[in-house]
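In: sequence plus predicted model, see below.
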Amino acid sequence: MNPLLANLNEPQLAAVTLPAVHALILAGAGSGKTRVLTTRIAWLISTSQVSPPGILAVTFTNKAAKEMLTRLAGMLPINVKGMWIGTFHGLCNRLLRAHHRDAGLPQLFQILDSADQQSAVKRLLKSLNVDDEKFPPRELCHFINAQKEQGLRPAAVEAWDDWTRKRVGLYEAYEAQCQREGVVDFAELLLRSYELLERNEPLRRHYQERFRHILVDEFQDTNKLQYKWLSLLAGGGASMFAVGDDDQSIYAFRGADVGNMRDFEREFKVDNLIRLEQNYRSHGNILDAANAIIKNNPSRLGKNLWTEAGAGEPIRVYEAYSDLDEARFIAEEVKALSRDGHARAEIALLYRSNAQSRALEHALFSAGLPYRVYGGLRFFERAEVKHALAYLRLIANTDDDTAFARVVNFPTRGIGARSLESLQDAAKAANSSLHAAIAQVSGAGGVKLKAFAELILKLRDAAHLPLPELVDHVIELSGLRAHYQNEKEGQERLANLDELINAAASFVAEEGVANEEGELSSELASFLAHASLEAGEHQAGEGDDALQLMTVHSAKGLEFNIVFICGLEEGLFPHENAISEEKGLEEERRLMYVALTRARQRLYLAFAQTRMLHGQTRYNLPSRFLDEVPEELLKWLTPRAGKQGFAVPSAPTFSNGDAMPRRRESSSGSGFRIGQSVTHAKFGLGVIVNAEGGGSDARVQVNFGTAGMKWLALSVAKLEAA
DNA sequence: ATAGACATTCTTTTT
DNA sequence: GAATGTCTAT
């Protein structure tokens, strides 16, 4: 027996050893998905069914791609480096670099990240004198990306109203601007390489014949364009092996289309649908809860996780008075767990939205517990790093107006708004880049601009230097170093700039791109692509034994011994913006499913009666997801809050600094107070969130959850304390 | 050109 | 509440 196949369970083995056919693997959480994917590649190669260059394996994140490469390298005695295993964007970048001419791109085309894209759009709106109130750059970016992700160029977009027609026009102008500047955004990487393959038959046939096996990770997260891209490449008879979990589809809001799983099944006539349902991660109670929750979603492909591990501990539920109380409880609990010998790094605090981390962080800090928050600014996204990268981008391509605009006056060199305006006018008149238009600007501003142009020229002269030295040189000559040396808070930024030099050095050491003779550094171009495509690790203390704080979204794919899910309240989780639509609610439920299945041994669910949000105290009902977990799996750490609402009345006398209902007048005499749970004959269960008037005029505002927010006159409405 | 005041917005996020 | 963006005064 092939040692690769040892210890695989039956469906895993079946999936790994499928012949060259299309297959859809429904891989539940914790069912060994990555193992199946990598083992399949290793098995195909080791049994000589395919050679390494015949494999195309696609993931969504760099982390997943790296993980696959590392595991594969451990299974096979081959050099994994050159294999086509990577993210959609990384592989498309590779394709476009190799065929930039056919794709209509300059050799050193630059990649705009989302922030770059937004500033490019802002610049475009300004140059066209478009009101950015009516066309917010954020929304316009979203629109453009959504079209591209459907595979639609401006001419193909159907516009039925003036607003959309105008946006399509702006989409077109944006494309022209990008093309002139020699830059592509993330979605363009995909679309451009799709079009390249579609239109260039010899090229398409080449890759179709080359890739015999296409493997896709997290298939439920693919968008329409990615699916088309895969279909095109598989069109030459390759086998497609798609691994995904429709229950973990939580990115519909950014274009992911679970429908691709059904389409794939139908269009590729997949008759190998394999379910991986045995879970190796969590104890039974946790899985039972997850299964019970997700069962409420109709139209699933269907799957039920099970485990050989025992039921384990019950799921602990804590009802807090307030967000601060919730945080304090968690901090105390974690402290106790830590004392009992649990590694802090094995404990995760999950929440629906980032704003929730504040209260948690505060409590953890007071308790002296080290923690790490995911989701902040990443290395290559930091302002000072982006500034340095902008200078480097101008070395590679002087026409990159986004980079130009970013640093033309940073550090300040007396080039103000009016000089830039005349430069922009000149560029527009000549249909040229900002850099190329400098000669046209006269006067004092023109002199300063010419000095800037000379600076870029001088920097370009250094392009032959080894990359780390070039970076150092740029930081020095641009004045960035001096600028941050003079700044009070500049120490950390200087350190980050030094870190950028280090990053360049290790990039050269690892990637080892050869520098072509006499040419502008292709090493530089690869490094810049790397900086755009892989924004780098999140900041701070890796390696320390720290608590892990993150949103449920960023927890996907991770696992922890102990998990706290915080803020389980209607309006927060499920989020209020998602509640009104069935589809939105189902995605929230899948999100809850993802959250639950992160835990191996112990799971806490926490919610609060009052919470500060957007600077206001809010009163929420417990999340409906709590009701969807079977009673017998739960162990209430506070008196049970039933379907009737909160068990513990929130007395207005907390001494712990919690938000207290401010309007006492509303409670006097009426028998009701803010924060109290009430029932109404028509609207059902709700929470009083506000009150005004008194005596016979008294009115209260009640949050009825699904039934909405209502103002009710106490003299008319029959409210009962719940 | 820059600091300080005022207004506005506020899910989730990788590439 | 905090962060970003725009306007205003120096």
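Out: Structure received. Residues are numbered from 1 along each chain as shown, chains lettered A, B, ... in the order given.
In: double-check that residue A:472 belongs to a helix.
Out: Yes - counting by DSSP: H, G, I helix; E, B strand; the rest coil, residue A:472 is located in a helix.
In: wait, it sits on residue A:501?
Out: Yes - here residue A:472 lies in contact with residue A:501, judged by Cβ atoms under 8 Å, at a distance of 5.2 Å. Quick note: C-beta positions are derived from backbone N, CA and C, even for glycine.
In: the two - which one has more neighbours?
Out: Ranked by neighbour count (other Cβ atoms under 10 Å), residue A:472 and residue A:501 place residue A:472 first, with 21 against 18.
In: dump the residue contacts of that one.
Out: Taking Cβ atoms under 8 Å, 6 or more residues apart in numbering, we find residue A:472 in contact with residue A:501.
In: confidence score at it?
Out: With respect to pLDDT, residue A:472 scores 95.
In: residue in chain A nearest to DNA strand C?
Out: Using Cβ to the nearest atom of the strand, the single residue of chain A nearest to DNA strand C is residue A:615, 2.3 Å away.
In: residues contacting the residue of chain A found nearest DNA strand B?
Out: Here chain A gets closest to DNA strand B at one residue, residue A:416, 2.6 Å apart by Cβ to the nearest atom of the strand. Going by Cβ under 8 Å, 6+ apart, residue A:416 touches A:409, A:445.
In: distance check, it against residue A:408.
Out: Residue A:416 sits 11 Å away from residue A:408, going by Cβ to Cβ, to the nearest Å.
In: could you do residue A:286 as well?
Out: Using Cβ to Cβ, residue A:286 is found at 55 Å from residue A:408.
In: which one's more surrounded, those two?
Out: Under the criterion of other Cβ under 10 Å, the comparison of residue A:286 against residue A:408 puts residue A:286 first, with 30 against 24.
In: identify the residues contacting that one.
Out: Counting by Cβ under 8 Å, 6+ apart, residue A:286 touches A:312, A:315, A:596, A:597, A:599, A:603.
In: and the strands in the stretch 501-650 of chain A?
Out: A:547-551, A:560-565, A:599-613, A:616-619, A:634-636 (DSSP state E, counting those that start in this stretch).
In: ah, wrong one, I meant the stretch 51-200 of chain A
Out: Going by DSSP E, counting those that start in this stretch, the stretch 51-200 of chain A shows strands at A:55-59, A:84-87, A:110-112, A:183-185.
In: JSON lines for those, including distance to residue A:256, mean neighbour count and mean pLDDT?
Out: JSON lines is the format used below for these (distance: least, Cβ to Cβ, whole Å; neighbours: other Cβ atoms under 10 Å; pLDDT from 0 to 100):
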{"stretch": "strand A:55-59", "distance to residue A:256": "14", "mean neighbour count": "25", "mean pLDDT": "97"}
{"stretch": "strand A:84-87", "distance to residue A:256": "14", "mean neighbour count": "22", "mean pLDDT": "96"}
{"stretch": "strand A:110-112", "distance to residue A:256": "21", "mean neighbour count": "24", "mean pLDDT": "93"}
{"stretch": "strand A:183-185", "distance to residue A:256": "18", "mean neighbour count": "25", "mean pLDDT": "95"}
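In: make CSV out of the ones you listed and add distance to DNA strand C.
Out: As requested, the strands of the stretch 51-200 of chain A are exported to CSV (distance: least, Cβ to the nearest atom of the strand, whole Å):
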stretch, distance to DNA strand C
strand A:55-59, 29
strand A:84-87, 26
strand A:110-112, 16
strand A:183-185, 18
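In: ranking the strands of the stretch 501-650 of chain A by mean pLDDT, which is last?
Out: strand A:616-619 (a mean of 88).
In: any residue of that one touching DNA strand B?
Out: No - using Cβ under 7 Å from any atom of the strand, we find that strand A:616-619 stays clear of DNA strand B, coming within 8.0 Å at best.
In: which helices and strands does that strand pack with?
Out: Strand A:616-619 sits against strand A:599-613, strand A:684-692, with contacts defined as 3 or more Cβ pairs under 8 Å, 6 or more residues apart in numbering; DSSP states H and E.
In: and after the shortest one, which helix or strand comes next?
Out: As assigned by DSSP states H and E, the chain's next helix or strand after strand A:684-692 is strand A:699-703.
In: for that following strand, name the packing helices and strands.
Out: Counting contacts by 3+ Cβ pairs under 8 Å, 6+ apart, strand A:699-703 packs against strand A:684-692, strand A:709-713.
In: CSV for the ones you listed, including mean pLDDT?
Out: CSV is the format used below for those (pLDDT from 0 to 100):
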stretch, mean pLDDT
strand A:684-692, 76
strand A:709-713, 77
